[in-house]
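Structure here, sequence nowhere to be found:
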């Protein structure tokens, strides 16, 4: 009663090892409790221990927002150089990307501080971390492929942030494609960053503009 299931760690470990992501060898560094810990009383031993393993990439989830117990962001700032502090995207606004010196040998360690909500964590992994892993693995085209599709129904746009909306793809009749192809996209439903089923059933991210960018609140079908 009152416990939170650890969805992020097994999902990220599985995603790291996928052939589509370069088949990186993931190392489970465990959990770090935020009990008796806050940004005002830092203890960075967990991050130093991770850096001491001489890894190429360190991925964390949670603790990168601005709450009292969001201590991960501060630890990354103290041990590395922050290049990205947050992003204008949905889901995934609270995110940190940094580099830190290797404890032994030349080069840098890449550090991705992903959001704690499960959908935000997985979405930012696939959109940002996976291309970096593919690049490290020597892929010539590490970015995710884009396909043109047709909306099967209208979708409301976020007022301020571009959104990566989870959806399924299926083949539609030619008259619905408007000459853009025969793939129809259907939303997986509720898009809250805590709604993991919306991610589990998705085939694609729909790259949607904000309402401010589009000039209207709703993207029509088609």
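Sure thing, it's come through. Since the model is a prediction, treat every value here as computed from it, not as a measurement.

Centre-most residue in the chain?
By CA atoms, centre = their mean, the chain has its centre lying nearest to residue 124, at 1.2 Å.

what helix or strand does that residue sit in?
helix 118-124 (DSSP states H and E).

Next secondary structure after that helix?
Per DSSP H and E, the first helix or strand lying C-terminal to helix 118-124 is helix 130-136.

roughly how far is the helix or strand just after that next one from the heart of the chain?
Going down the chain from helix 130-136, the next helix or strand is strand 150-151, by DSSP H and E. Relative to its chain's centre, strand 150-151 lies at 24 Å (CA atoms, centre = their mean, to the nearest Å).

Can you list the helices and strands that strand 150-151 packs against?
The helices and strands touching strand 150-151, judged by 3 or more CB pairs under 8 Å, 6 or more residues apart in numbering; DSSP states H and E, are strand 183-187. For the C-beta atoms, the positions are set from N, CA and C on the backbone; glycine is no exception.

Now do the residue nearest to the centre of the chain, the pLDDT please.
pLDDT recorded at residue 124 is 96.

what does residue 195 give?
85.

Report the separation between the spatially closest residue to it that is not a sequence neighbour and residue 98.
By the measure of CB to CB, 6 or more residues apart in numbering, the closest residue to residue 195 outside its immediate chain neighbours is residue 119, 6.2 Å from it. Noted for residue 119: a distance of 23 Å to residue 98, by CB to CB, to the nearest Å.

Could you check which of those two has the larger neighbour count?
Between residue 119 and residue 98, residue 119 has the larger neighbour count (other CB atoms under 10 Å), namely 24 against 21.

Please tell me I have it right and that one contacts residue 190.
No. The pair residue 119 / residue 190 is not scored as a contact, 10.1 Å apart, by CB atoms under 8 Å.

Pull up the overlap in contacts between the two.
Taking CB atoms under 8 Å, 6 or more residues apart in numbering as the criterion, residue 119 and residue 190 both touch residue 198.

May I see the buried residues of the longest strand along the chain?
Using DSSP state E, we find that the single longest strand of the chain is strand 163-171. Residues of strand 163-171 classed as buried: 163, 164, 165, 166, 167, 169 (neighbour count, 16 or more other CB atoms under 10 Å).

In terms of distance to residue 55, which of those residues ranks first?
residue 164 (27.2 Å; CB to CB).

And for that closest one, nearest residue in space, chain neighbours not counted?
Using CB to CB, 6+ apart and skipping residues adjacent in sequence, the residue nearest residue 164 is residue 205, 3.9 Å away.

helix, strand or coil for that neighbour?
strand (DSSP: H, G, I helix; E, B strand; the rest coil).

Identify the bridge partners of it.
With DSSP bridges as the criterion, residue 205 is bridged to residue 166.

Next, the buried residues of stretch 24-35.
Across stretch 24-35, burial judged by 16+ other CB under 10 Å covers 24, 26, 29, 32.

what about it, average pLDDT?
86.

ok, now stretch 199-219?
Stretch 199-219 comes out at a mean pLDDT of 94.

In the chain, what helix or strand scores lowest on average pLDDT?
One helix or strand of the chain scores below all others by mean pLDDT, DSSP states H and E: helix 197-200, with a mean of 87.

Would you indicate which residues of that helix are buried?
In helix 197-200, counting by 16+ other CB under 10 Å, buried: 198, 199.
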